[in-house]
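Q: return a 3D structure for these sequence lines:
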Amino acid sequence: MLLENAAALTGLVVALASVACSHLFGWPLADGTGSIIIGVILGFVAAIMCIEARRLLIGEHASPKMIAAMRKAIMDELGPSSPVERLHDVSALHLGPGDIRVTARLDFADGVTAKTAEATIARLDGRLRARFPQVRHLYLEAPAATVGAATLATGAAPEREPHTPLAMVCPKNHAPQKTGRRKSRR
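A: Sure, this is the predicted structure:
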């Protein structure tokens, strides 16, 4: 937005200067030169905006510095008394200006209950959102296999794939929607 406004104001100044030179000094070439300069300014701004729009459409990774800060915030949760044993990976993607999606996979200690895992994920969610307000979509995932058999009332091992998420923290005011088949119209 700032770039477009600066280009517009620069174009107005160039137009004023070129028309003034043309009328005051009788230089007809000044008017044409001013028009060409304005065209170059507009072309330059359009190229920059195309590059930025492309990055946002495709999805641009957050800066390594920001990802490292998020990783550190999550690693601060780790420790001898923490139910989180390991952080697998952190990924952050820009979805738009001031709109970042973050995903992280956590390994919990054996025997950790689902209630403890959920409380830990909620605590991490609060910390990350407070520290990084531009994060609008935060997904903290705990694979089901990392939560021990104590989570089940029967004491049996989980019957899910190891990568099936146990809990995810969805964006605020965004409830997961059921997906189903649509009837096709013919």
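
Q: C-alpha from now on. contacts and neighbour counts both.
A: OK.

Q: please point out which parts of the helix or strand hosting V90 sit buried.
A: Using DSSP states H and E, V90 sits within strand 84-96. Across strand 84-96, burial judged by 16 or more other CA atoms under 10 Å covers 84-85, 87, 90-95.

Q: burial measure for T113, as a count.
A: Number of residues near T113 (other CA atoms under 10 Å) recorded here: 18.

Q: A104 now?
A: A104 has 19 neighbouring residues, counting by other CA under 10 Å.

Q: swap in P97?
A: P97 has 8 neighbours, counted by other CA under 10 Å.

Q: tell me the contacts of it?
A: L56 (CA atoms under 8 Å, 6 or more residues apart in numbering).

Q: numbering from 30 from now on, please.
A: Understood, numbering begins at 30; the last thing we discussed is P126.

Q: distance check, it against E89.
A: Distance from P126 to E89, counting by CA to CA, to the nearest Å: 11 Å.

Q: what does D105 give?
A: D105 is 26 Å from E89, by CA to CA.

Q: so for these two, which sits in the more crowded spot?
A: Per other CA under 10 Å, whichever of D105 and E89 has more neighbours is E89, with 16 against 11.

Q: parallel or antiparallel, which strands does the lowest-mean-pLDDT helix or strand in the chain pair with?
A: Ranked by mean pLDDT, DSSP states H and E, the weakest helix or strand in the chain is strand 89-90, scoring a mean of 78. Its sheet considered, strand 89-90 pairs with strand 113-125 (antiparallel) by DSSP bridges.

Q: and the next helix or strand past the strand it pairs with?
A: Past strand 113-125, the next helix or strand by DSSP H and E is strand 128-137.

Q: and that next one, which strands flank it?
A: Counting by DSSP bridges, the strands paired with strand 128-137 are strand 113-125 (antiparallel), strand 164-170 (parallel).

Q: buried ones in the one helix or strand I70 maps to, by neighbour count?
A: Per DSSP H and E, I70 falls inside helix 57-87. For helix 57-87, the neighbour count (16+ other CA under 10 Å) marks 59-60, 63-64, 66-67, 71, 74, 85 as buried.

Q: minimum pLDDT in these, which residue is that?
A: Lowest pLDDT among the buried residues of helix 57-87: L85, with 71.
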